[in-house]
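J.: coords below, sequence missing:
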């Protein structure tokens, strides 16, 4: 296969749940952009605040994001910050048969949801550094796309 290049990637990260990890999202989205087309780059935009106001209605955001999810080949979700929206996106992706990697940062400030950790359909990559997160992405791409990330 193509190692994932040309793949449509849905990246999920907290918006209304909190924006304290936006720098990490930026690093991950930048890395993923070298592996395929990231449909949800706005999640990494430091100008997008926790209110999530993108200048469009909530109904339009829902419709747009579900359309992107439908078109995605795979989903990468950063799940360190609890977020109802990210949980919903993961469940919707699973219902659609998408391959999903959940990245969780190991530190004392965070605890991984049992609904993520205990779900055998999800691949969970625990990391302490961005290099480790990128290694999990590489392994996921090797498994899903037949190449490295």
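T.: Structure's in. What do you need? Source: prediction; values computed, not measured.
J.: For the closest residue to residue 70 other than its chain neighbours, grab the count of nearby residues.
T.: Among residues not flanking residue 70 along the chain, residue 96 sits closest, at 6.7 Å (C-beta to C-beta, 6 or more residues apart in numbering). To be clear about C-beta, it is placed using only N, CA and C from the backbone, and glycine gets the same treatment. Using other C-beta atoms under 10 Å, residue 96 has 12 other residues around it.
J.: Do you know the pLDDT at residue 96?
T.: On the pLDDT scale, residue 96 is placed at 97.
J.: Hmm, it is touching residue 68, no?
T.: No: using C-beta atoms under 8 Å, residue 96 is not in contact with residue 68; the gap is 11.5 Å.
J.: Now for the nearest residue to residue 41 once chain neighbours are set aside, how many residues are close by?
T.: Once flanking residues are discounted, residue 41 sits nearest to residue 29: 5.6 Å by C-beta to C-beta, 6+ apart. Residues lying near residue 29 (other C-beta under 10 Å) number 21.
J.: if I've got this straight, residue 29 is in a helix?
T.: Yes: membership of residue 29 in a helix is supported by DSSP: H, G, I helix; E, B strand; the rest coil.
J.: Tell me where the model's unsure across the chain.
T.: 1-5, 50-54, 147-149 (pLDDT under 70).
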